[in-house]
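Chemist: Sequence first, then the predicted structure:
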Amino acid sequence: MSIEINQLTKVYGEQKAINNISFSVGTGEVVGFLGPNGAGKSTTMKILSGFIPATSGTAKVMGIDVAKDPLAVKKRIGYLPELNPLYDDMFIVEYLQFNADIYQLKNAKQEIERVINKTGLSVERHKKISQLSKGYRQRVGLAQALLNNPDVLILDEPTSGLDPNQMSEIRQLIANLSKEKTILLSTHIMQEVEAMCNRVIIINRGSIVADDTVSNVKQQISSGNKEVYIRFRDVVDAASLLQLQGVKKVESAAEGGFTISANQGADLAAILFKFAVESNTVIVEQKEIKESLEAVFQELTKNV
């Protein structure tokens, strides 16, 4: 396993930031690590990266215990924190050379060229960091995280504050990196998780509330109520649809259609087909509405 966390707990004063959590990430996996603000995501990542100690439990990277040999762990990971710490008065190459010296890389110039090319920094390489856009600053952070050619990448909100074009560029860069690295990715953007991740771990109030593939998590949280979008050839009264046995909710939708929810166990397709026949109309379009990851996230992390 690339990452192994077992019964990990972190306490600040009287507050448990993370509470006895356990999970593992296999080699080559891209895992989305999700949770609301203050749920424990960044704390877990900082422990994994050796920046702060755990109160109890163990965290291992590539089989190495972070608490016992943090330096060895840091040589095997690349870490991009949420607040990307850059030195604005340095040039890009100068900053990367500074980090290469910390890593004591023997082939520093070659590695700097490798990460500059990999992260698409070539066109900006002669600029100071203060002159870069937010998107390119994130690229510099990723380049720094890749300098030591790590086995594991830990990325905390890598697209935070970027515009849509910059987000797309960074997502593509991470997708390319996923072909050769194990990645633990924290984000609030559900589309990123669905587009890039093999698996999702959701943490809330310091405890893990879900750990599975995106599709399985959606299925597990589903209430069992069917929801469909439907459009008829002729004008149909929403009130008539709501009176149908088994129908729970009817809402107007795009192009004159309706979003219809059914009670658990109701055969919504059969109900609507029978309605169309009896109303002397035709169903022009009908499709099931899938549970979104965002809805699942809200359900699992809501305050109760």
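Modeler: Yes, it's here. Numbers count the residues shown, from 1 in each chain.

Chemist: so how many other residues sit close to A238?
Modeler: For A238, the neighbour count with other CB atoms under 10 Å is 12. Backbone N, C-alpha and C define where each C-beta goes, glycine included.

Chemist: Report the spatially nearest residue to it, omitting neighbours in sequence.
Modeler: Counting by CB to CB, 6 or more residues apart in numbering, the nearest residue to A238 once its immediate chain neighbours are dropped is V250, at 5.0 Å.

Chemist: Per-residue pLDDT of the one you found, please?
Modeler: Listed pLDDT for V250 reads 90.

Chemist: Surely it is in a helix?
Modeler: No - under DSSP: H, G, I helix; E, B strand; the rest coil, V250 sits outside any helix and is assigned strand.

Chemist: how far away is V73 from I52?
Modeler: 13 Å (CB to CB, to the nearest Å).

Chemist: and what of R114?
Modeler: Computed as CB to CB, the R114 to I52 distance reads 30 Å.

Chemist: What part of this protein, helix or strand, is modelled with the least confidence?
Modeler: Ranked by mean pLDDT, DSSP states H and E, the weakest helix or strand in the chain is helix 214-221, scoring a mean of 71.

Chemist: Next, K60: secondary structure please.
Modeler: Per three-state DSSP, K60 ends up strand.

Chemist: can I assume L184 sits in a helix?
Modeler: No - L184 is assigned strand when assessed by three-state DSSP, not a helix.

Chemist: what bridges to it?
Modeler: Here L184 shows beta-bridge partners V31, I154, assigned using DSSP bridges.

Chemist: Near the residue nearest to A238, how many other residues are there?
Modeler: For V250, the neighbour count with other CB under 10 Å is 20.

Chemist: OK, contacts around it?
Modeler: Shown in contact with V250 (CB atoms under 8 Å, 6 or more residues apart in numbering): A238, L241, L242, F258, T259, I260, S261.

Chemist: Mind listing the residues bridging to it?
Modeler: Beta-bridge pairing for V250 (DSSP bridges): I260.

Chemist: Can you show me the strands along the stretch 201-304 of the chain?
Modeler: Under the criterion DSSP state E, counting those that start in this stretch, the stretch 201-304 of the chain contains strands at 207-212, 227-232, 247-252, 258-262, 283-288.
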